[in-house]
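Asker: My questions concern the predicted model and sequence given below.
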Amino acid sequence: FRPASQPALQYQQAPLASRPATEPSAEEGAKAMALLDRAIAAKGGLTALRSLRTIVAKQTLTNPAADGAPQFSMTTYIRYPDHMRIETAVPGSVNIQGFDGAEAWAKNQQGVRAQPEVVARQARLGLRRDVVALLLAAKGGGLTPRLLPDVKDGGLNGSTTRLDHVLELTAPDLNPMLLYIDPDTSLITKLTFVDDAPAHHGGWHN
């Protein structure tokens, strides 16, 4: 899913930022686009991103609250532009969630069942918030980039604090998303957004 030399991307829901009263000037727009171009280059370049067809992301997660801190693995498959499958291996079984571009479904030991439209909507939003999709949409004009003030990194676990560049991406039908970009490498280190989907049970997880 990512080269070993790149840092793990952090996904985080965040409070909705206050919206500027005016549109960015031509100079501000040019600065935002320049930062976007550097982030695209750091991910391999525009041609490489456009040629991507499938991405596989594997994670091993630990629940420290459970006895013996059991681990479970999660594998996410994305087939651009609109298919996703998530396999979660828990002790004794594998749970699967899928989205085929129109409908969402889930499979476990009890069988396969269709998911409600609200789950499909979450899946569509998740695909739109995929970093590759975000970069391509911003470059293609589907999202508007805006350069926000730099934000100081927390410097957790003894790491050195730094100022991250922040690029806001907006669309009329999507809440603002913030990309935090390392000024030295131009790699995206964190993505924050507001999830406006209504609360429900059995939702989409990604």
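Answerer: Yep, it's here.
Asker: number of nearby residues for Val56?
Answerer: Neighbour count of Val56, defined by other Cβ atoms under 10 Å: 11. Heads up, the C-betas are built off the backbone N, CA and C, glycines and all.
Asker: which helices and strands does the top helix by length along the chain pack with?
Answerer: Longest helix in the chain, counting residues (DSSP state H): helix 26-42. Judged by 3 or more Cβ pairs under 8 Å, 6 or more residues apart in numbering; DSSP states H and E, helix 26-42 is in contact with helix 131-140, strand 144-152, strand 163-171, strand 174-181.
Asker: and the next element down the chain from that helix?
Answerer: Downstream of helix 26-42, the next assigned helix or strand under DSSP states H and E is helix 46-51.
Asker: now for that next one, which elements pack on it?
Answerer: Counting contacts by 3+ Cβ pairs under 8 Å, 6+ apart, helix 46-51 is packed against helix 131-140.
Asker: Now do the helix it packs on: distance to the chain's middle.
Answerer: From the chain centre to the centre of helix 131-140 is a distance of 11 Å (Cα atoms, centre = their mean, to the nearest Å).
Asker: Would you indicate which residues of it are buried?
Answerer: Across helix 131-140, burial judged by 16 or more other Cβ atoms under 10 Å covers Val131, Val132, Ala133, Leu134, Leu135, Leu136, Ala137, Ala138, Lys139.
Asker: any chance of the residues you listed in TSV, with pLDDT and distance to Arg113 too?
Answerer: TSV is the format used below for the buried residues of helix 131-140 (pLDDT from 0 to 100; distance: Cβ to Cβ, whole Å):
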residue	pLDDT	distance to Arg113
Val131	94	30
Val132	95	30
Ala133	95	27
Leu134	96	31
Leu135	97	34
Leu136	96	33
Ala137	96	32
Ala138	97	36
Lys139	97	38
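Asker: Make a markdown table out of these and add distance to Gly98.
Answerer: Conversion of the buried residues of helix 131-140 to a markdown table gives the following (distance: Cβ to Cβ, whole Å):
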| residue | distance to Gly98 |
| --- | --- |
| Val131 | 21 |
| Val132 | 20 |
| Ala133 | 18 |
| Leu134 | 22 |
| Leu135 | 25 |
| Leu136 | 23 |
| Ala137 | 23 |
| Ala138 | 28 |
| Lys139 | 29 |
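Asker: list the contacts for the spatially most central residue of the chain?
Answerer: Centroid-nearest residue in the chain: Asp130, 4.2 Å away (criterion: Cα atoms, centre = their mean). If you count contacts by Cβ atoms under 8 Å, 6 or more residues apart in numbering, Asp130 has them with Ile78.
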